[in-house]
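1. model the following, please.
(2 chains)
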Amino acid sequence: MIWLPVMGLIIGAAIGYISHVHIPVAFSSYLSIAVLAALDTVFGGVRASLEKSFDGRVFLTGFFSNILLAALLAFIGNQLGVDLYLAAVVAFGVRLFQNIAVIRRIVFERMSQRGKGIRELKRP
Amino acid sequence: MNRRTFLWSLTGVSAVLGFMLTVQLASRPASSTNGMASFLDLTSQIDEASTENRILAADLARQRAQLAQYQAAAGSRALLRKAFLKDEQSVAREAGMTRVSGPGITITIRDDPKLPFIPEYAGQFSTESDQLISQIVNDLFANGATAISINGQRLVTTSSIRLVRGLGPSATLQINGNPIVSPYVIRAIGSISRMKAVLTVDNVAIVLNLMQEDCIIRTHPAKDGVRIPAYNGRLPGQYAKEVGGS
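-> Coordinates of the predicted model:
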């Protein structure tokens, strides 16, 4: 079942590739910040799942609201002449690395626990 | 149940993320860090290249016509001479070595003590006449003038407008190295409307009046309304000769 998200990613990329959707260059920065927000939400969801605290509603609403808010922040910053998108980049970037670090630690812990269990089973 | 929800949510979100990533990659040029600036730069470069191409194409056509003329005249000495003379006349006309006439304007600048005395500006013209006349001439050339003379001195590409000071307080205005005195009469052949417009926009008459200088601008729309003499000054290379064998 773990291959489902990978398949989703491939299918989404294929739809984007086949549909030839192009956004104006002026809006490109908004989409890039939205992608960063989406990545942050995905890794946040994976972390929550590993910590057994995943909530589907929180995950989905967080995904879309983060995307919209990040793009909106970039747009407002552009209109005001202030690089507000940097705030979003820093916030999402920091959270992204924190989430990745936590996921890595949990995975390592589980792997070490599994290793211990196998060794105990093999012990006569 | 919770795990299944997570997987399906993650699948949907991954699909959206994949779509967004592809669209972003397809929309943004990979080699450009500033897409809009690159686009504008390229557009202006294309415009400049097109203009240059047009100018060069016109130049090439002219050179080809001249070459064809020379080739046609190659068999006949008289025809070849005629072609060279025509070429010489054309070059002389472009260089300002021939008299010209046409519609244009005259600007007469002279002292007028009757104008209001403003201590801040009065007498300023005598110390800045070279700059002010240069500015007027540049404005005229930039706005439709094809030939200009100042007190009978034709302005060409090597012309100079200098205010030369001696040991005393007085200064003399020199055009092409020849001293001239007030009244200064600038004659210009070209588009009357454009030349008058730039003089109005620059407030030339008002500025000169502040300096107690009268500025009379007259238009001469007739076919030979303004006559401008040929350049009769020194030519480049008259004294200084190129050193050969280097």
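2. all helices of the chain, in order?
-> No chain specified, so I'll use chain A. For chain A, the helices defined by DSSP state H cover A:3-19, A:28-50, A:56-80, A:85-122.
3. looking at chain B here, not the other one
-> B:2-27, B:35-73, B:77-95, B:124-142, B:192-201, B:204-210.
4. distance to B:Lys241 added to these, as a markdown table?
-> For the C-beta atoms, the positions are set from N, CA and C on the backbone; glycine is no exception. Shown next, in a markdown table, are the helices of chain B (distance: least, Cβ to Cβ, whole Å):
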| stretch | distance to B:Lys241 |
| --- | --- |
| helix B:2-27 | 64 |
| helix B:35-73 | 29 |
| helix B:77-95 | 20 |
| helix B:124-142 | 30 |
| helix B:192-201 | 39 |
| helix B:204-210 | 42 |
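5. re the thing from before, which of the helices of chain A sits closest to chain B?
-> Closest approach to chain B among the helices of chain A is made by helix A:3-19 (2.8 Å; Cβ to the nearest Cβ).
6. quick one: average pLDDT of that closest one?
-> For helix A:3-19, the mean per-residue pLDDT is 87.
7. cool, and stretch B:131-141?
-> If you average the pLDDT values across stretch B:131-141, you get 94.
8. what residues sit buried inside it?
-> Under the neighbour-count criterion of 16 or more other Cβ atoms under 10 Å in any protein chain shown, stretch B:131-141 has B:132-133, B:136-137, B:139-141 buried.
9. repeat for stretch B:142-150
-> Under the neighbour-count criterion of 16+ other Cβ under 10 Å, stretch B:142-150 has B:143-145, B:147-150 buried.
10. among the helices of chain B, which is nearest chain A?
-> Using Cβ to the nearest Cβ, those put helix B:2-27 closest to chain A, at 2.8 Å.
11. what does chain B have sitting close to chain A?
-> Within chain B, the positions near chain A by Cβ under 8 Å from any Cβ of the partner chain are B:2-24, B:26-28, B:35-36, B:39.
12. out of the residues you listed, which are buried?
-> Buried among the residues of chain B next to chain A by 16+ other Cβ under 10 Å: B:5-7, B:9-24, B:27-28, B:35.
13. tell me which of the helices of chain A sits most buried.
-> Among the helices of chain A, the stretch with the highest mean neighbour count (mean count of other Cβ atoms under 10 Å in any protein chain shown) is helix A:28-50, at a mean of 21.
14. what's that helix packed up against?
-> helix A:56-80, helix A:85-122, helix B:2-27 (3 or more Cβ pairs under 8 Å, 6 or more residues apart in numbering or on different chains; DSSP states H and E).
15. hang on, A:Ala70 packs against A:Ala37?
-> Yes. A:Ala70 is within contact range of A:Ala37, at 3.9 Å (criterion: Cβ atoms under 8 Å).
16. identify the contacts common to these two.
-> Here A:Ala70 and A:Ala37 share the contacting residues A:88, A:92, scored by Cβ atoms under 8 Å, 6 or more residues apart in numbering or on different chains.
17. A:Gly16 and A:His22, how far apart?
-> 10 Å (Cβ to Cβ, to the nearest Å).
18. and A:Ala38, by the same measure?
-> In terms of Cβ to Cβ, A:Ala38 sits 19 Å off from A:His22.
19. so which of the helices and strands packed on helix A:28-50 is nearest B:Gly233?
-> Nearest to B:Gly233 among the helices and strands packed on helix A:28-50 is helix A:56-80 (59.0 Å), distances taken as Cβ to Cβ.
20. neighbours around B:Ala58, how many?
-> B:Ala58 is flanked by 10 other residues according to other Cβ atoms under 10 Å in any protein chain shown.
21. how does chain B divide into domains?
-> Annotated domains of chain B cover B:40-95, B:100-228 [automatic domain parsing].
22. and those, which one averages the lowest pLDDT?
-> Lowest mean pLDDT within the domains of chain B: domain B:40-95, at a mean of 85.
23. centre of the chain to that one, how far?
-> Domain B:40-95 sits 21 Å away from the centroid of its parent chain (Cα atoms, centre = their mean, to the nearest Å).
24. skipping adjacent residues, who's closest to the residue nearest the centre of chain B in space?
-> For chain B, the residue nearest the mean C-alpha position is B:Ala142 (4.6 Å; Cα atoms, centre = their mean). In space, and not counting its chain neighbours, B:Ala142 is closest to B:Val198: 7.4 Å by Cβ to Cβ, 6 or more residues apart in numbering or on different chains.
25. so B:Ser182 sits against B:Arg110, correct?
-> Yes. Using Cβ under 8 Å, B:Ser182 makes contact with B:Arg110 at a distance of 5.4 Å.
26. returning to that earlier point: let me know which of the domains of chain B is tucked in deepest.
-> Of the domains of chain B, domain B:100-228 is the most buried (mean count of other Cβ under 10 Å), at a mean of 16.
27. where's the closest residue to A:Asn99 other than its chain neighbours relative to A:Ala71, distance?
-> Leaving out its chain neighbours, the residue that sits closest to A:Asn99 by Cβ to Cβ, 6+ apart is A:Phe43, at 4.1 Å. Remark: distance between A:Phe43 and A:Ala71 (Cβ to Cβ) = 19 Å.
28. likewise for B:Gln135?
-> 52 Å.
29. what of B:Ile161?
-> Look at B:Ile161 and A:Ala71: by Cβ to Cβ, they are 60 Å apart.
30. contacting residues around B:Ser129?
-> B:163, B:171, B:173, B:184 are the contacts of B:Ser129 under Cβ under 8 Å, 6+ apart.
31. looking at those residues, which are in strands?
-> Of the contacts of B:Ser129, the ones assigned to strands by DSSP state E are B:163, B:171, B:173, B:184.
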